[in-house]
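# have a look at this prediction, sequence included:
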Amino acid sequence: MNLLCSINDFNEAKQVIVGGVNSPVRAFKSVGGSPVFIQKGQGYELIDVDNNHYIDFVQSWGPLIFGHCDKDIESVVMDAIKEGLSFGAPTEKETELAKMIIKMYEGIDKIRFVSSGTEAVMSALRLARAYSKRDDILKFDGCYHGHSDSLLVNAGSGCATFGAPSSPGVPEDLSKHTFVARYNDIESVQECFKKGNIGCVIIEPIAGNMGLVPADIEFLKALREICNAYDAVLIFDEVMSGFRAGINGIQAYCDIVPDLFTFGKVIGGGMPMAAFGGKEEIMKLLSPSGSVYQAGTLSGNPVAVSAGLAALCKIEQNPHIYQEMEKLALRLTEGLKKLAKENNIALQTCVRGSMFGFFFNEGVVKNFDDAKKSDTEMFARFHQAMLHKGVYFACSQFETGFICTPMNEEVIDKVLNRADEVFKEIQ
């Protein structure tokens, strides 16, 4: 595989872009080598600047349920562009998209659109603190909720990749209000509530940023009960899992209703788009109805809203796609586990709808402490070898993979055949 143009592009990018990338994990530091520079995507494939083709299991980190350059979404976006790129004013389509999300999710009375998952979570936290009238928040080790100051405390994802559980530049006066509990461990939650004046709990109910690690249903139920007992606001961060794990995210697996949700990824159909929403009594505190301030010129951008609306309409009309994608995800992960076992390599796997994950780990992964026991060197070797065989997995052990609808059994079997060769090489 020739990567000459990608290597040259990366060297040039480093002259003008910090680290050569605009999001840290893209630099491939945890897997070695140079990142491939992408020229285009089509269906389930990525094509780089050296004209190498890859079966893509990243799918722009989740939003592309229908793959790259889906004709239906592309057509809607082109029509929207012809009417204007941005207005900074309300449009009818914003209301259409809001109604669709509210219809699909129980527990959302009102919603507010923003441009990124980080912005959605940051705004939801401010709202929750205002409602509870308490400053302390509780998050979980290994869950990533964006890079706002209050949340860069024992974070997963890119922070975990670089071995930095928190970030310089976060004021101690801010971080002291953030308590960190152990994922899937209700006793650690109870201890935090005893120590702090906690007014808000935020969790990825299907964690995707320490690898794919779903919360136990009993754990989520107990978390809901604790929040009720302490009058704390419970936020489900479904920026990654919303409309990805199922047509209604975590609610495809349980009937637990938080006070607030955050969304991203899929609701933009591949364009920058996110939202937060929930109970009327909390949301009404948001400006201009209330005094909690949040604003954004590009919030509800007409092109992004059009793309998101097209994606959710396709999902609503074809709910069976989740079962089909889950079958493919299971075929992939069960196949990888079988091949790994044949080569005496420990591998743990997990699937939730169209999301999947795997760890080079001897034990089942239930939290970030478990995830950190994974053999990251083995993952790096596997990643590099698969990349050179035309398979594009997320470039960190602590990330999640995604299936898209253009994939089929033949595609998955091609990947497994290449994985068989790689396991034999890296054994």
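Cool, the structure landed.
# what domains does the record give for the chain?
In terms of domains, the chain is parsed into 4-69+320-426, 71-317 (source: automatic domain parsing).
# which stretches of the stretch 201-350 of the chain form helices?
Using DSSP state H, counting those that start in this stretch, the helices of the stretch 201-350 of the chain run over 217-230, 280-283, 302-317, 321-342.
# turn the ones you listed into JSON lines, columns for mean neighbour count and distance to G33.
Every C-beta, even on glycine, is put in place using the N, C-alpha and C of the backbone. Formatted as JSON lines, the helices of the stretch 201-350 of the chain follow (neighbours: other Cβ atoms under 10 Å; distance: least, Cβ to Cβ, whole Å):
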{"stretch": "helix 217-230", "mean neighbour count": "16", "distance to G33": "38"}
{"stretch": "helix 280-283", "mean neighbour count": "16", "distance to G33": "46"}
{"stretch": "helix 302-317", "mean neighbour count": "22", "distance to G33": "32"}
{"stretch": "helix 321-342", "mean neighbour count": "18", "distance to G33": "21"}
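# which parts of stretch 200-220 are buried?
By 16 or more other Cβ atoms under 10 Å, the buried positions in stretch 200-220 come out as 200-215, 219-220.
# picking up where we left off before, now render the helices of the stretch 201-350 of the chain as JSON lines, adding distance to E187.
Converted to JSON lines, those look like this (distance: least, Cβ to Cβ, whole Å):
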{"stretch": "helix 217-230", "distance to E187": "10"}
{"stretch": "helix 280-283", "distance to E187": "28"}
{"stretch": "helix 302-317", "distance to E187": "38"}
{"stretch": "helix 321-342", "distance to E187": "30"}
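# re the thing from before, mean pLDDT for the domains of the chain - can I get that in CSV?
CSV is the format used below for the domains of the chain (pLDDT from 0 to 100):
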stretch, mean pLDDT
domain 4-69+320-426, 96
domain 71-317, 91
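# next, count neighbours for V391.
By other Cβ atoms under 10 Å, 19 other residues sit near V391.
# actually R134, not the one I typed
For R134, the neighbour count with other Cβ under 10 Å is 19.
# and the residue nearest to it when sequence neighbours are not counted, helix, strand or coil?
Leaving aside its chain neighbours, R134 sits nearest to G199 (2.8 Å; criterion: Cβ to Cβ, 6 or more residues apart in numbering). Three-state assignment for G199 (DSSP: H, G, I helix; E, B strand; the rest coil): strand.
# how much space between G199 and E280?
G199 is 19 Å from E280, where distance means Cβ to Cβ, to the nearest Å.
# separation between the closest residue to G41 other than its chain neighbours and P258?
Excluding its sequence neighbours, the residue lying closest to G41 (Cβ to Cβ, 6+ apart) is H68, at 2.9 Å. In this view, H68 and P258 are 32 Å apart by Cβ to Cβ.
# please identify which of those two sits among more neighbours.
Higher neighbour count among H68 and P258: P258, with 25 against 21, using other Cβ under 10 Å.
# OK, contacts around the more buried one?
With contact taken as Cβ atoms under 8 Å, 6 or more residues apart in numbering, P258 is in contact with G107, R224, L234, I235, F236, G278.
# quick check: buried residues in stretch 31-44?
For stretch 31-44, burial by neighbour count (16+ other Cβ under 10 Å) applies to V31, G33, P35, V36, F37, G41, G43, Y44.
# who does L138 form a beta bridge with?
Beta-bridge partners recorded for L138 (DSSP bridges): F179, V201.
# backbone phi and psi for the nearest residue to I198 once chain neighbours are set aside, please?
Nearest residue to I198, sequence neighbours excluded (Cβ to Cβ, 6+ apart): D136, at 4.6 Å. The phi and psi values for D136, taken as degrees, to the nearest 10, are phi -80, psi 140.
# surely D136 and G196 touch.
Yes: shown here, D136 and G196 form a contact pair, counting by Cβ atoms under 8 Å, at 4.2 Å.
# anything in contact with each of those two?
Common contact partners of D136 and G196 (Cβ under 8 Å, 6+ apart): F179.
# R112 should be in a strand, yeah?
Yes: assessed with three-state DSSP, R112 lies in a strand.
# A98 - how many residues pack around it?
That count, for A98 with other Cβ under 10 Å as the rule, works out to 19.
# that older thread, out of the contacts of P258, what pair is the most spread apart?
Distance extremes for the contacts of P258: the farthest pair is R224 and G278 at 13.6 Å, using Cβ to Cβ.
# measure K139 to V153 for me?
For K139, the distance to V153 - Cβ to Cβ - is 7 Å.
# oh, I was asking about V18
23 Å.
# between the two, who's got more neighbours?
Between V18 and V153, counted using other Cβ under 10 Å, V153 has the larger neighbour count: 21 against 9.
# enumerate every residue touching the residue lying closest to that one once chain neighbours are set aside.
Once flanking residues are discounted, V153 sits nearest to T178: 4.6 Å by Cβ to Cβ, 6+ apart. T178 makes contacts with D136, I137, L138, K139, S150, L151, V153, as judged by Cβ under 8 Å, 6+ apart.
# recalculate using a threshold of 10 Å.
125, 135-139, 149-154, 166, 170, 196, 198, 202 (Cβ atoms under 10 Å, 6 or more residues apart in numbering).
# one more: T400?
Listed by Cβ under 10 Å, 6+ apart, the contact partners of T400 are 57-58, 61-62, 157, 206-213, 240-241, 244, 350, 352, 355-358, 394.
# let's see it at 8 Å
Here T400 is in contact with G62, G208, N209, G211, L212, M240, M355, F356, G357, A394 (criterion: Cβ under 8 Å, 6+ apart).
# in TSV: those residues, plus distance to T262.
Shown next, in TSV, are the contacts of T400 (distance: Cβ to Cβ, whole Å):
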residue	distance to T262
G62	14
G208	13
N209	13
G211	20
L212	18
M240	10
M355	17
F356	22
G357	21
A394	21
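# in strands only, show me those residues.
M355, F356, G357 (DSSP state E).
# tell me how many other residues crowd the first one.
Taking other Cβ under 10 Å as the neighbour definition, M355 ends up with a count of 24.
# if I look at it, how far off is E106?
Distance, M355 to E106, using Cβ to Cβ: 21 Å.
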